Each structure stands twice: as structure tokens, then as C-alpha cells.
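**Q** I need the structure of the sequence given here:
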Amino acid sequence: MTIYRATLIIRADDGTHDVAFMDVIEFESLFWLVPEWLDNSSLGVSMPVRIVSLATVRHSRSRGNPEFVVEDPIPKAVFDGLHQSPEARGFVILERPAIQFPLPPIVN
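**A** Numbers count the residues shown, from 1 in each chain. The predicted model follows:
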């Protein structure tokens, strides 16, 4: 399983904007932004806390790093799990999807 990178602009509640980098995964034949991971070291896996579909977000792909560029700012509420907020309308958000990635080995 491959983890890609995206660059995007996050719009805060106060109207300010921050440039950010975020992981992107492929799930159910679609690409999804992963704002937060939950690591389970005892199982040796990492799982997305939530994922946001790129299917409804204007974006482009490149051959470089990052592999994805999100064209329009995304409200911070979308990444904070505030699905009921007016800012999150139009975004497809999945909470705790059944996805696991192996944790990278720890190098000492």
C-alpha cells in the first residue's frame, strides 16, 4: 500500500489560510486525504482517524513530491471531524475507516 503526499491550503475559522502537507491513500478505487493517523504499536499498524475524499475536491496530480495539489482551500472543520458544520457540506468524510497500514520499522 502506497502513501502519497498532497499540498493544500487549510482555511481556519477566522478566515486565515495555512499551507499544509497531508498524506493521501487509495481506498475503494478513490484517493483520500488523511489528516490524522492513529498508531497501534502493539499490532504494528497505523490507521486513519478520518479520511476526506478527493473525488469532490478540485486537485491535480504530478510526478513529483507532492503527488497531489489541492486547488481550492479546504475548511479546517472538514479535517477536525465537524461533519455537521456548514463548512463541511459537499465533502465526503469517513470516520475510522477499516484501513490499516504497517508501521515502518524503528531504526536505532
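**Q** grab the nearest non-local neighbour of residue 53.
**A** residue 92 (3.8 Å; C-beta to C-beta, 6 or more residues apart in numbering). In short, each C-beta sits where N, CA and C put it, glycine included.
**Q** what segments of this structure are helices?
**A** Assigned by DSSP state H, the chain shows helices spanning 76-79.
**Q** what is residue 10 paired to in the beta sheet?
**A** Per DSSP bridges, the residues bridged to residue 10 are residue 18, residue 74.
**Q** mind checking how far it is from residue 21?
**A** 11 Å (C-beta to C-beta, to the nearest Å).
**Q** so, low pLDDT: which residues of the chain?
**A** For the chain, the stretches with pLDDT under 70 are 82-83, 107-108.
**Q** where along it do the strands fall?
**A** Using DSSP state E, the strands found in the chain span residues 4-11, 17-27, 30-40, 45-53, 59-61, 68-70, 74-75, 93-95, 101-102.
**Q** and of those, who's closest to residue 87?
**A** Of all the strands of the chain, it is strand 74-75 that lies closest to residue 87, at 3.6 Å by C-beta to C-beta.
**Q** from the contact counts, what lies against that closest one?
**A** Applying 3 or more C-beta pairs under 8 Å, 6 or more residues apart in numbering; DSSP states H and E, we find strand 74-75 packed against strand 4-11.
**Q** quick one: the strand it packs on to chain centroid distance?
**A** Here strand 4-11 is found 8 Å from its chain centre; the criterion is C-alpha atoms, centre = their mean, to the nearest Å.
**Q** same check on stretch 89-96?
**A** The answer for stretch 89-96 is 11 Å, by C-alpha atoms, centre = their mean.
**Q** buried residues, that stretch. List them.
**A** 91, 92, 93, 94 (16 or more other C-beta atoms under 10 Å).
**Q** contacting residues for residue 90?
**A** residue 56 (C-beta atoms under 8 Å, 6 or more residues apart in numbering).
**Q** measure it to residue 65 for me?
**A** Distance from residue 90 to residue 65, by C-beta to C-beta: 28 Å.
**Q** what of residue 13?
**A** In terms of C-beta to C-beta, residue 13 sits 30 Å off from residue 65.
**Q** same deal with residue 55?
**A** Distance, residue 55 to residue 65, using C-beta to C-beta: 22 Å.
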